[in-house]
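Novice: this one's structure only:
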């Protein structure tokens, strides 16, 4: 009987980084392959951390690119272009972007049969579900070991690594207003691309924040900046 190939599904966030550190001996021994699904729209800090962790741990992480679809015979370069073409925004209800750009490319790459290790912590054990594919088995070592998010942070620090920021797309609808503000302050060009994405989908009344447009959010930021400038000048 063919032995299953073993993989770690890596996302460059806290959970998957803790899992990587937790199983590092098996990774270095070549018993487990680490795979990152790269749809081209993760936060710049996520890509920086991906490069950093490979160098810091002296390992290789395989990057797979999703087959998002085609337009006029040409493949979409990234997830953003796909949403622009479809004139929609990602949805918190359907989460098709996660399936299309993260899950599907991973399982398309994985050999059959396979075991996939997921970096979900014990706090989020409700997310630990069976594999969507019959030929793979999903395993949750951090859940099985009762490792919480706080424990995960310590595992990362004990490995000598810096703590990664939350992984995700720069136009993710699950972002909080605080995260949108950070995007506006630190990556204005990506914030503007998110504005274009939302405006492009306006006829479908599709917003990236519940019941609020980030166009309005941008206006609020700009008005506050003007107010701050006025206060500074008139002190």
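Specialist: Good, I have the coordinates. Remember, predicted model here, so these are calculated numbers, not experimental data.
Novice: quick one: the strands in this protein?
Specialist: Assigned by DSSP state E, the chain shows strands spanning 5-9, 33-37, 62-64, 70-71, 74-75, 114-117, 136-139.
Novice: redo those as a markdown table? Include mean neighbour count.
Specialist: In short, each C-beta sits where N, CA and C put it, glycine included. A markdown table is the format used below for the strands of the chain (neighbours: other C-beta atoms under 10 Å):
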| stretch | mean neighbour count |
| --- | --- |
| strand 5-9 | 21 |
| strand 33-37 | 21 |
| strand 62-64 | 15 |
| strand 70-71 | 12 |
| strand 74-75 | 11 |
| strand 114-117 | 21 |
| strand 136-139 | 17 |
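Novice: of those strands, which is nearest residue 99?
Specialist: Nearest to residue 99, of all the strands of the chain, is strand 33-37, at 10.9 Å by C-beta to C-beta.
Novice: average pLDDT for the closest one, rounded please.
Specialist: The pLDDT scores in strand 33-37 average 98.
Novice: low-confidence bits of this protein, can you list those?
Specialist: 1, 70-74, 204-206, 225-235 (pLDDT under 70).
Novice: domains for it, by residue range?
Specialist: 5-158, 177-233 (automatic domain parsing).
Novice: give the contact list for residue 82.
Specialist: 68, 69, 76, 100 (C-beta atoms under 8 Å, 6 or more residues apart in numbering).
Novice: who wins on neighbours among the residues you listed?
Specialist: residue 68 (23 neighbours; other C-beta atoms under 10 Å).
Novice: who wins for proximity to residue 107 among the strands of the chain?
Specialist: strand 136-139 (6.6 Å).
Novice: grab the nearest non-local neighbour of the residue nearest the centre of the chain.
Specialist: For the chain, the residue nearest the mean C-alpha position is residue 168 (3.0 Å; C-alpha atoms, centre = their mean). Spatially, and ignoring its direct neighbours in sequence, residue 168 is nearest to residue 43 (6.4 Å; C-beta to C-beta, 6 or more residues apart in numbering).
Novice: surely that neighbour and residue 175 touch.
Specialist: No. Using C-beta atoms under 8 Å as the test, residue 43 is too far from residue 175 to be in contact (9.8 Å).
Novice: returning to that earlier point: next, format the strands of the chain as a markdown table and append distance to residue 127.
Specialist: Listed next are these as a markdown table, based on distance: least, C-beta to C-beta, whole Å:
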| stretch | distance to residue 127 |
| --- | --- |
| strand 5-9 | 13 |
| strand 33-37 | 17 |
| strand 62-64 | 22 |
| strand 70-71 | 32 |
| strand 74-75 | 31 |
| strand 114-117 | 14 |
| strand 136-139 | 11 |
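Novice: figure out which of the ones you listed is closest to residue 210.
Specialist: strand 33-37 (26.4 Å).
Novice: give me the angle between that closest one and strand 5-9.
Specialist: If you take axes from the mean of the first three to the mean of the last three C-alpha atoms, to 10 degrees, strand 33-37 sits at 40 degrees to strand 5-9.
Novice: which other helices and strands does strand 33-37 contact?
Specialist: strand 5-9, strand 62-64, helix 104-109 (3 or more C-beta pairs under 8 Å, 6 or more residues apart in numbering; DSSP states H and E).
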